[in-house]
Each structure stands twice: as structure tokens, then as C-alpha cells.
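Visitor: Sequence and predicted structure, then a few things I'm wondering about:
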Amino acid sequence: MFNEIHLGPITVYMYGIMIFCGYMAALRLCLWRGRKQGLSEDTVWGIFFCALVGGLIGCKLLYYIVELPQIIADPSLLLDFGNGLVVYGGIIGGVLSSYLYVRLRRHEIFLPYFDLVMPAVAIAQGFGRIGCFCAGCCWGKETDSWCHVVFTRSAFAPNGVPLIPTQLISSAGDFLIGILLMLYARKKPSRGRVGALYLILYGIGRFAVEFLRDDPRGSVGPLSTSQFISLLVVAGGVVLFCIKWPDLRPAAVEADDLSGEIDGSLQQ
């Protein structure tokens, strides 16, 4: 478990490397799958840019909300931009900013891109949790089980104590969710169901893993903040999954089909 790589006077952090790897893997995956589905590559690029900006803002805003009592006691926490990121804030901010971007394009439909992107989001999260493991954040409870990890140089987790490897459990779950969603997408389900299934599976998984974590992360009654949000996310996913959306294609694809039909008629 290491987070810092020293290259002369330059220090590179494994957490940042894993976040970058996850982002690029998700982007390449969406571009590849998007081309096969006839979706606009320009829109995919725009979604990822908006999701990056909106996700970072969402991560930080939710952190401020969760840690509001501590921030009131110590306002200098508002200026700590290196730490204090909440994953659910990133998901919510990324989805909202992407939705607004697609809506502003007018000739595009959001749900096909939502279904396209969410499996890749799960893959990106898998890489991100490896970064958490390297940094030692999001650590688990103490355990005497054979399945444990002992940090020795973490700036976050307790060092020298056997802990449940919650980061690796989350990472494996995220990768599995991404793979399952892509397999499900091959069956061509109704619009919105792939994205809805992500919300359901991730929400359930996150709710369960929270019982194993021991890092401070806020609470809502007997639940952690993330568990409370998970309940809302799963409920939203169930509703979205049950809705029968019209099976419409993006206008750009329809225009290409119409152009092909006209060309075929002219050739005849």
C-alpha cells in the first residue's frame, strides 16, 4: 500500500493515477461502444467533459454538506481542495451536468447515452477504489479474519492494524457491476434500464459495504450518509427500471437512416 511515487523533485500520487486510468478507460469504452450503437462521438466527448466538471463540483459540495458542523467550527476546511471528496456527490453532479448538456443539444436523447455511460462509470469507480486502497482512505473496521490488510505508511487509515479491505471489496464489486451491465446491454433492453440497473446494483452494494467501513463519513440517524443516499438511489433506480420509455433513437441516427433511404431510392 503506497500512494506516493517520487521521481526526483516530482511526487506522483497513485490515487490520482488510478482516477486518471479509470476516466480514460471509461472514455475509451464509451467511444467504442457508442460507435457500435450509432451514437454521436461528439456528444460522448461533451458528456465526459461535463461529467468531469460536474462530478468534481458535486463531490466537493456533498462533502461540504456532510461535514457542515466541522466546517462551521473550522472554516479553513473550505480551502482544502485536495481532500474531502464524496463519491455520491460526483455521481449526482456528473449525471445532472451530462443531462443538461444533452438537453441543450436538443437533437439528442439523454437515455441512450445514460445507458451507454453508466457501465463505464462502474469500471471507472473500480479503478478509483484501487486508488483509495493505495492512499489508505475509505478504510474498513478492525478484524481478526485472515482476509485483512495492514497499512504501514497511510496518512489516513490506522497503521499497523488489521483492517477489512473495504476498498478492494468495493473495487471488485464495481468491476463486476460494469461487466454485468455491459452483458445486459447486449440483450437490448428498453431505454433507461441499463442505467437504472446501475443505480440499483451500485446502491445495494454501497449500502452493504458501508457496514464494513470505519472512516468518518457523516450519518443520518442510524445510517451513514452514503447508506441514506443509497436508499434513495435504489428507489430511483427501481422506478426508472419500471418505466416503459418510448424506444426512440437519437435524431442524428434517424437522420443518417433517412439519408441512406433517400440515397437508395435515387440509385434505384
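Guide: Alright, I've got the coordinates.
Visitor: CA atoms for contacts and neighbours, from now on please.
Guide: Noted.
Visitor: For stretch 137-153, output the C-alpha coordinates as CSV.
Guide: Output in CSV follows, covering the C-alpha atoms of stretch 137-153 (Å, rounded to 0.1, in the frame of the first residue of the first chain):
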residue,chain,number,x,y,z
CYS,A,137,-8.7,6.3,2.7
CYS,A,138,-12.2,4.7,3.0
TRP,A,139,-10.7,2.1,5.3
GLY,A,140,-12.6,-0.8,7.0
LYS,A,141,-13.1,-1.9,10.5
GLU,A,142,-10.6,-3.8,12.5
THR,A,143,-10.7,-7.6,12.0
ASP,A,144,-9.1,-10.8,13.1
SER,A,145,-10.1,-12.5,9.9
TRP,A,146,-7.4,-13.9,7.5
CYS,A,147,-8.9,-11.5,4.9
HIS,A,148,-7.4,-8.3,6.1
VAL,A,149,-4.9,-5.6,5.2
VAL,A,150,-2.3,-3.8,7.4
PHE,A,151,-1.3,-0.3,6.4
THR,A,152,2.1,0.9,7.4
ARG,A,153,2.5,4.3,5.7
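Visitor: and that stretch, which residues are buried?
Guide: Neighbour-count burial for stretch 137-153 flags 137, 138, 139, 140, 141, 142, 148, 149, 150, 151, 153 (criterion: 16 or more other C-alpha atoms under 10 Å).
Visitor: where in this protein is pLDDT low?
Guide: 1, 76-85, 247-268 (pLDDT under 70).
Visitor: Setting the sequence-adjacent residues aside, check what's closest to residue 141.
Guide: Leaving out its chain neighbours, the residue that sits closest to residue 141 by C-alpha to C-alpha, 6 or more residues apart in numbering is residue 214, at 4.9 Å.
Visitor: do residue 86 as well
Guide: residue 59 (4.7 Å).
Visitor: same thing with residue 163?
Guide: Residue 163's closest residue in space is residue 142 (C-alpha to C-alpha, 6+ apart), at 4.4 Å.
Visitor: Okay, helices next: where are they in the stretch 1-150 of the chain?
Guide: Using DSSP state H, counting those that start in this stretch, the helices of the stretch 1-150 of the chain run over residues 14-37, 41-66, 68-73, 87-105, 110-135.
Visitor: before we move on, back to that, tell me the spacing between the residue nearest to residue 163 and residue 217.
Guide: From residue 142 across to residue 217, the span is 17 Å (C-alpha to C-alpha, to the nearest Å).
Visitor: As a markdown table, the helices of the stretch 1-150 of the chain with mean neighbour count and distance to residue 208 would be great.
Guide: Below are those laid out as a markdown table (neighbours: other C-alpha atoms under 10 Å; distance: least, C-alpha to C-alpha, whole Å):
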| stretch | mean neighbour count | distance to residue 208 |
| --- | --- | --- |
| helix 14-37 | 18 | 23 |
| helix 41-66 | 19 | 20 |
| helix 68-73 | 12 | 25 |
| helix 87-105 | 19 | 15 |
| helix 110-135 | 25 | 16 |
